[in-house]
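S.K.: Kindly generate the corresponding structure for this input.
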Amino acid sequence: MMTIWCLAVALSLASQVTAPKPVLPATPQGRHVQAYLDAFNSGDEQKFLKAHEDHMTPDVLKKQSPERISNMFKRMRGDFGTLRVEEVLGASAKEIRVSVPTQDGARGVFTFTFEEASPYRISGIDVQVSPGASEPYRGITGKIT
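M.R.: Below is the predicted model:
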């Protein structure tokens, strides 16, 4: 009887242990990425447009019209729903790479690159999506530079 009780306690404790939430670096670059993700995940297109103004380099903003950013927002909402970081794949002063699941079970890898001097705004975002279990590769790729 004691063995069954010990096993029940052990299983109960094991079920309460969860994997740690991935953490972006506590750097200006990590804060820019977090602000971008938060604006996207708000579901508010205007917040997302404002995040671009606040966190992207002037060169990127010159190349991206608000209409193009809005279209990208809508497409990404359809593909990803929300941007939930599963894993931080790499982080340096020059780039942060994160893994984000799509709604259909595929995996997106977002590579954020940054300007070299303060305030280290986002100078580019590359998105590569690998095949999911539910459908063949769709070739979703995107780049903002």
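S.K.: any low-confidence regions in the protein?
M.R.: By pLDDT under 70, the low-scoring segments of the chain are 1-20, 131-145.
S.K.: residues making contact with the helix or strand hosting V33?
M.R.: When elements are assigned from DSSP states H and E, V33 belongs to helix 28-41. Helix 28-41 is contacted by residues 24, 47-48, 50-51, 54-55, 73, 76-77, 82-85, 91, 93, 96, 98, 112, 114, 118-122, 125 when judged by C-beta atoms under 8 Å, 6 or more residues apart in numbering. Yep, even glycine has a C-beta here, placed from its N, CA and C like the rest.
S.K.: how about a cut-off of 7 Å?
M.R.: Residues outside helix 28-41 that contact it (C-beta atoms under 7 Å, 6 or more residues apart in numbering): 24, 47-48, 50-51, 55, 82-83, 93, 96, 112, 114, 118-122.
S.K.: and it, which residues are buried?
M.R.: Q29, G30, H32, V33, Q34, A35, Y36, L37, A39, F40, N41 (16 or more other C-beta atoms under 10 Å).
S.K.: Output that helix as CSV - backbone C-alpha positions only.
M.R.: Only the C-alpha atoms of helix 28-41 are listed here, as CSV (Å, rounded to 0.1, in the frame of the first residue of the first chain):
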residue,chain,number,x,y,z
PRO,A,28,17.8,46.2,-26.1
GLN,A,29,17.5,43.7,-28.9
GLY,A,30,15.5,41.3,-26.8
ARG,A,31,13.2,44.1,-25.7
HIS,A,32,12.6,45.1,-29.4
VAL,A,33,11.7,41.5,-30.2
GLN,A,34,9.4,41.2,-27.2
ALA,A,35,7.6,44.5,-28.1
TYR,A,36,7.2,43.2,-31.7
LEU,A,37,5.7,39.9,-30.5
ASP,A,38,3.4,41.7,-27.9
ALA,A,39,2.1,44.1,-30.6
PHE,A,40,1.4,41.2,-33.0
ASN,A,41,-0.2,39.1,-30.3
